[in-house]
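Undergrad: Predicted coordinates and the sequence they were generated for:
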Amino acid sequence: MPATVILGAQWGDEGKGKLVDRLAEDATWVARFQGGNNAGHTVVLGERILKFHLLPSGITREECNLVLGDGMVVDPWVLDKELSDWVEGGGTDPAGHRLFISGRAHIILPYHRYLDGLDKKIGTTGRGIGPTYSDKINRVGLRFDGLPHADTSAMATRQNAALEAAGCEQRVTSAELDEQIAWIVNRFGNAIGDTGIMLDNALKMGENVILEGAQGCLLDIDQGTFPYVTSSVTSRGNSTHGAGIHPGHVEAVIGITKAYITRVGHGHMPTELFDTDGDGDHLGTVGHEFGTTTGRKRRCGWFDAVVMRHANRINGFTEIALTKLDVLGGLEEIKVCVGYRMGDKEITEMPSSAKDLESCEPIYITMPGFPGLSTEEWLGIARKCNSEGIGFSGLPSAAQSYISKLETLLGVPVSSVGVGPDRDATIDRV
């Protein structure tokens, strides 16, 4: 079977965890291909809320194998904590059994977190992601396959020089690095391997593989709103490369987008609604918009078709998974951004410069709203739609019109609609 890529189509936090969890029921492998614990994926199983930062969302499916791929940066101590939490919640430790770490993935060390903690401009998570990718590009990083060969004396000298130059008070020692490396090998040695070969063999055997993105397309180091981006390529082009397989394996690319738009961190968001705006307060409050990783309040705004056209051009979505449609319930009218006004010009494509984007004002169309319902009522609608095979036709008519308008603007079909946090609160198209 071909691989399926699941990507965030906005600035992250679109609901990738929930979709991967659903699709993983029929998958034998779920692989993360970039990023680190700056990602946050939430899966809701009834009363149980699971939050993952490194573990692929397919962990909830006991028959599904998991990969932390070549393009990732991995904090072993965070991974250990996530696995401990999983075991304490009743799961079994998958490391070395169905969880495998690429030997090519880079390791986040305390030094990287020290450096990242100095950021005041970009609004990073402070988890050490950027400095680890910087070491990777500078060819001085530590990979999992390099653990047996690490020169900790040279590492300590280089890291301390960088910390001093950055004005950071913390220091590292060779002895500390030796101890940390020994712990990593002892804890995860049996899980480290050539995961690209594992995935390639699985695809050759006709198995179902999901490639799970971490952040959203607009945080891509090349194609995002630079410099307010993450430190890796978050888009389709890196999905196979970061997993260690060739792009010919991919047939389906699912872009996940909220029915509105959110962002955490710095950088302009043209359709942003501020806290003083009633609609913005509605989206943030009803949508419980707080970052899974950082806990920071997300900035909310109307759906931006300009952003989505850019994301689609980069990724070539074969379908769209629309999430959090229920959050729009209760609004009298809903706006959709169809273009920008930049100075005396009207544009329909996103400018590459973040400074130019700051001068863009949204051009809206307005659509009628639909009633607000309780979480239980939305869940009931989803179950009825799926059990009776009626798809989106079971939604309020104004909600159906909204979905159709987005499809027209984007030129991509919507294959599923999320109407609540629960695993079952998703309506599939028929």
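TA: Perfect, thanks for sending it.

Undergrad: Are we agreed that Leu79 is in a strand?
TA: No. Using DSSP: H, G, I helix; E, B strand; the rest coil, the assignment for Leu79 is helix, not a strand.

Undergrad: I figured it was touching Pro56, is that so?
TA: No. Contact criterion C-beta atoms under 8 Å: Leu79 and Pro56 do not qualify, at 11.6 Å. The C-beta positions use only the backbone N, C-alpha and C, and glycine is treated the same way.

Undergrad: dump the residue contacts of Ser427.
TA: For residue 427 the amino acid is Ile, not Ser. Residues near Ile427 by C-beta atoms under 8 Å, 6 or more residues apart in numbering: 381-382, 385-386, 391-392, 394-395, 416-419.

Undergrad: Quick check: mean pLDDT of the helix or strand hosting it?
TA: Taking DSSP states H and E as the definition, one finds Ile427 inside strand 426-428. Average pLDDT, strand 426-428: 96.

Undergrad: List the strands paired with that strand, with their directions.
TA: Within its sheet, strand 426-428 is paired with strand 414-418 (antiparallel), according to DSSP bridges.

Undergrad: Just the C-alphas of the helix or strand of the chain with the lowest mean pLDDT, formatted as CSV.
TA: The helix or strand with the lowest mean pLDDT-type score in the chain, counting by mean pLDDT, DSSP states H and E, is strand 41-45 (a mean of 74). These are the backbone C-alpha positions of strand 41-45, laid out as CSV (Å, rounded to 0.1, in the frame of the first residue of the first chain):
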residue,chain,number,x,y,z
HIS,A,41,-0.6,16.1,19.7
THR,A,42,-3.7,15.5,21.8
VAL,A,43,-5.8,12.3,21.6
VAL,A,44,-9.1,12.1,23.6
LEU,A,45,-10.4,8.7,24.5
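
Undergrad: chain center to it: distance?
TA: Counting by C-alpha atoms, centre = their mean, to the nearest Å, strand 41-45 is centred 13 Å from the centre of its parent chain.

Undergrad: Looking at Leu79 and Pro56, which one has more neighbours?
TA: Ranked by neighbour count (other C-beta atoms under 10 Å), Leu79 and Pro56 place Pro56 first, with 27 against 24.

Undergrad: so what's the more buried one up against?
TA: Neighbouring residues of Pro56 by C-beta under 8 Å, 6+ apart: 20, 30-32, 66-68, 212.

Undergrad: Angles on the backbone of it, please.
TA: phi -60, psi 150 (degrees, to the nearest 10).

Undergrad: For Ala214, see how far away it is.
TA: To Ala214, Pro56 is 10 Å away according to C-beta to C-beta, to the nearest Å.

Undergrad: Which neighbours do those two have in common?
TA: The contact sets of Pro56 and Ala214 overlap at Arg32 (C-beta under 8 Å, 6+ apart).

Undergrad: Doesn't Trp183 belong to a helix?
TA: Yes. Judged by three-state DSSP, Trp183 forms part of a helix.

Undergrad: What about it, how many residues nearby?
TA: Around Trp183 there are 13 other residues, counting by other C-beta under 10 Å.

Undergrad: Give me the spatial nearest neighbour of Ile254, chain neighbours excluded.
TA: Of all residues not flanking Ile254 in the chain, Ile6 sits nearest, at 5.0 Å (C-beta to C-beta, 6 or more residues apart in numbering).

Undergrad: which residues touch that neighbour?
TA: Contacts of Ile6 by C-beta under 8 Å, 6+ apart are 16, 19-20, 23, 210-213, 254, 256, 321.

Undergrad: And the furthest pair within these?
TA: Distances among those were taken as C-beta to C-beta; the most separated pair is Leu211 and Ala321, at 14.8 Å.

Undergrad: Same drill for these two, tell me which one is more crowded.
TA: Between Leu211 and Ala321, counted using other C-beta under 10 Å, the more crowded position is Leu211 (30 against 26).

Undergrad: helices or strands next to whichever strand or helix holds that one in the packing?
TA: In the assignment (DSSP H and E), Leu211 maps to strand 209-216. Counting by 3 or more C-beta pairs under 8 Å, 6 or more residues apart in numbering; DSSP states H and E, the packing neighbours recorded for strand 209-216 are strand 3-8, helix 16-23, strand 29-32, helix 195-204, helix 236-241.

Undergrad: which other residues reach the longest one?
TA: Okay, so that is helix 195-204. Residues outside helix 195-204 that contact it (C-beta under 8 Å, 6+ apart): 1-3, 28-29, 31, 65, 67-70, 100-104, 209, 243-245, 249.

Undergrad: The third one now?
TA: Contact partners of strand 29-32, identified using C-beta under 8 Å, 6+ apart, comprise 20, 24, 39, 54, 56-58, 64-69, 72, 195, 198-199, 202, 207-212, 214, 243.
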